[in-house]
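Colleague: Predicted model and sequence follow; I will ask about them next.
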Amino acid sequence: DDRLGADHGRGAASGKHRARAGAGSDARALGRTVAAAAELFESVTRRYGKPEFGLDTTLVGGMRVPVREEVVWERPFCRLLHFAKALPARTDPGPKLLLVAPMSGHYATLLRGTVEAMLPDHDVYITDWNDARMVPMTEGRFDLDDYVDYIISMLHRLGGDTHIMAVCQPSVPVLAAVAVMEARKDPYTPSTMTLMGGPIDTRINPTAVNRLAETRDLDWFRRNVIMKVPFPHPGFMRDVYPGFLQLSGFMSMNLDRHVTAHRDFFQHLIEGDGDSAEKHRDFYDEYLAVMDLTAEFYLQTVETVFIDHALPNGTMTHNGRLVDCSKITRTALLTVEGEKDDITGRGQTRAAHALCTSLADDMKAHYEQPNVGHYGVFNGSRWRAEIAPRVMDFIRSNRDGATKNAPKAASATAPAAARSPKAKPAAKKAAPAAKAAKAPLESILLTKPDGAADDLKAISGVGPKLESALNEAGIFHYWQIAGLTKEQIEALDS
């Protein structure tokens, strides 16, 4: 009986212990559920700040080297960032690559994976667009023409043998910028131009984004999506297209995926699956960080690209002058598309080839990546393994392309007809050319800057006083200085 009583006592104690353990487990589960719910609510309601690139090192030739971000060019609406590699002296950092990030609601850090893949073998620069709500009204407007001017000015800053890559939205202004530079025989025209998932001709395989623009006129967009920057932001009262509207549009296109992702995130937090939860945080911390666009840039882009289809129709203008892609002869062209892209339809980027009618066939290439959507074109495993190597090979194959494809100099030997006595009338026709030589500056001086003026002080030996003198003379751009002949320099000095 004593043993039976003892066993009964031990059983009761054990039951109480299990009850307490069960209650403790339930309490912990409840705590994790409440914490998970709180984090999920916080993550979908807070305003995300501008992310960091966080690319502190890269591998060069199997050696890990430090990387430093530095600003090498700056305007009110953009900074040009350089990912400077700490390489041994006299080590070639690779071809200069200007990455033009989209100005479509997300920050340039959306291309972190793009930069990371290109950095080991290239000297990488990227456009770091500023949030319009942070730019004071006193800095003026910023539209599509200004965007093109910025790109041209950056290419001037980087100098010759630079390669340019546009991801999505900037494909149109980048193609326009190269056409403008080629038309005026700019010596800093890029060697190659890579357009990735860009809306060159949105009439081809139109997507939901394209159809929205086709079914609304410009006034509808002006009335419904343009807002004033509120106080106390520096851009107070500036008209903008808010980034959160662009984000909501993108998310609504794949709403089921985003809902599933957040439900899985909630479950991972409850289960204590830290790795999966961290991947979710990393992606959405980037994806949900948005910036505003100036109203004039947004509306002009909608009208030019999605309503009027101005570039493929041959009616696009830059600062009042027609943009003619047939002028492109020195910049090699690579277009890249994703088979399952639901933002830029298949064939829309490839349409650039049909516009560059004067570009040699061996300077054109196109690649379509199977089984990737829009973001897979410039980020992710297929970008790293299949697309990036093709882009790198194209750049290497066309390095110094601007010089090797430049027009050949005229022959030093006069043709037979010019040497014959019958050539005397031609000599008379040459007289006006000799007269023009007396005023050699007329062909290069401008009454005002062609778009945004370049910072001539960036040239060694040019200070504020000399820059002012050059501006007064009619010189505002690097390309003007680069094209000066000996006679023109002597005329300037006089």
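Modeller: Arrived safely, thanks for sending. As the structure is a computational prediction, the values presented were derived from the model and not from experiment. Numbering: from 1, shown residues only.

Colleague: how far away is Met363 from Leu333?
Modeller: As defined by C-beta to C-beta, to the nearest Å, Met363 lies at a distance of 7 Å from Leu333. From N, CA and C alone the C-beta is placed, and that goes for glycine too.

Colleague: scratch that, Ser397 is what I was asking about
Modeller: 12 Å.

Colleague: The two: which is more packed in?
Modeller: When Ser397 and Leu333 are compared for neighbours, Leu333 comes out ahead with 23 against 14, by other C-beta atoms under 10 Å.

Colleague: so which strand or helix has that one?
Modeller: Mapping Leu333 onto the secondary structure by DSSP states H and E places it in strand 332-338.

Colleague: so how far is that strand from its chain's centroid?
Modeller: Relative to the centre of its chain, strand 332-338 is centred 15 Å away, using C-alpha atoms, centre = their mean, to the nearest Å.

Colleague: What about Val240? Give its phi and psi, please.
Modeller: Its backbone dihedrals place Val240 at phi -140, psi 160, with angles given as degrees, to the nearest 10.

Colleague: surely it meets Val229?
Modeller: Yes. Under the criterion of C-beta atoms under 8 Å, Val240 lies in contact with Val229, with a separation of 5.7 Å.

Colleague: Need the residues touching each of those two.
Modeller: Overlap of the contact sets of Val240 and Val229 (by C-beta atoms under 8 Å, 6 or more residues apart in numbering) consists of Ala132, Arg133, Asp292.

Colleague: re earlier: for the strand holding Leu333, the averaged confidence score.
Modeller: The average pLDDT for strand 332-338 rounds to 97.

Colleague: try stretch 442-450
Modeller: Model confidence over stretch 442-450, given as mean pLDDT, is 80.

Colleague: who touches it?
Modeller: Counting by C-beta under 8 Å, 6+ apart, stretch 442-450 makes contact with Arg184, Asn319, Ala436, Ala473, Gly474, Ile475, Phe476, His477, Gln480, Gly483, Leu484, Gln488, all of which sit outside it.

Colleague: Now the longest strand seen in the chain: buried residues?
Modeller: Of all the elements of type strand in the chain, the one with the most residues (DSSP state E) is strand 63-75. Taking 16 or more other C-beta atoms under 10 Å as the neighbour-count basis, strand 63-75 is seen to contain the buried residues Val65, Val67, Glu69, Trp73, Arg75.

Colleague: can you redo those residues as CSV with distance to Gly373 and pLDDT?
Modeller: Supplementary listing: those in CSV, determined by distance: C-beta to C-beta, whole Å; pLDDT from 0 to 100:
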residue, distance to Gly373, pLDDT
Val65, 33, 95
Val67, 29, 97
Glu69, 29, 97
Trp73, 33, 97
Arg75, 33, 96
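
Colleague: what's the closest of these to Thr192?
Modeller: Nearest to Thr192 among those, counting by C-beta to C-beta, is Trp73 at 20.4 Å.

Colleague: so that closest one touches Leu98, yeah?
Modeller: No. At 10.4 Å, Trp73 does not count as touching Leu98 under the criterion of C-beta under 8 Å.

Colleague: which residues are in contact with both of those two?
Modeller: Met154.

Colleague: Just to check, Ala365 is in contact with Phe394?
Modeller: Yes. Ala365 lies in contact with Phe394 (C-beta under 8 Å); the separation is 5.9 Å.

Colleague: picking that back up, what touches both of Ser397 and Leu333?
Modeller: None of the residues lies in contact with both Ser397 and Leu333 under the rule C-beta under 8 Å, 6+ apart.

Colleague: Off-centre distance for the next helix or strand after the strand holding Leu333?
Modeller: The C-terminal neighbour of strand 332-338 among helices and strands, as given by DSSP H and E, is helix 352-355. What separates the centre of helix 352-355 from the centre of its chain is 20 Å, taken as C-alpha atoms, centre = their mean.

Colleague: Mind giving me the packing neighbours of the helix or strand following helix 352-355?
Modeller: Of the helices and strands lying after helix 352-355 in sequence (DSSP H and E), the nearest is strand 364-369. In terms of contacts (3 or more C-beta pairs under 8 Å, 6 or more residues apart in numbering; DSSP states H and E), strand 364-369 is packed against strand 332-338.

Colleague: run the last query once more with 10 Å
Modeller: strand 192-196, strand 332-338, helix 352-355, helix 388-397 (3 or more C-beta pairs under 10 Å, 6 or more residues apart in numbering; DSSP states H and E).

Colleague: so how far is Ala289 from Phe244?
Modeller: As judged by C-beta to C-beta, Phe244 and Ala289 stand 11 Å apart.

Colleague: The two - which one has more neighbours?
Modeller: For the pair Phe244 and Ala289, the greater number of neighbours falls to Ala289 (20 against 13), based on other C-beta under 10 Å.

Colleague: does the more buried one really touch Pro51, like I thought?
Modeller: Yes. Counting by C-beta atoms under 10 Å, Ala289 touches Pro51, with 5.4 Å between them.

Colleague: who touches both of those two?
Modeller: Common neighbours of Ala289 and Pro51 (criterion: C-beta atoms under 10 Å, 6 or more residues apart in numbering): His106, Tyr107, Thr109, Leu110.

Colleague: Turn those into TSV, columns for distance to Arg223.
Modeller: Conversion of those to TSV gives the following (distance: C-beta to C-beta, whole Å):
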residue	distance to Arg223
His106	25
Tyr107	28
Thr109	32
Leu110	29
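
Colleague: want to throw those residues into CSV with neighbour count?
Modeller: As requested, the shared contacts of Ala289 and Pro51 are exported to CSV (neighbours: other C-beta atoms under 10 Å):
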residue, neighbour count
His106, 23
Tyr107, 25
Thr109, 20
Leu110, 21
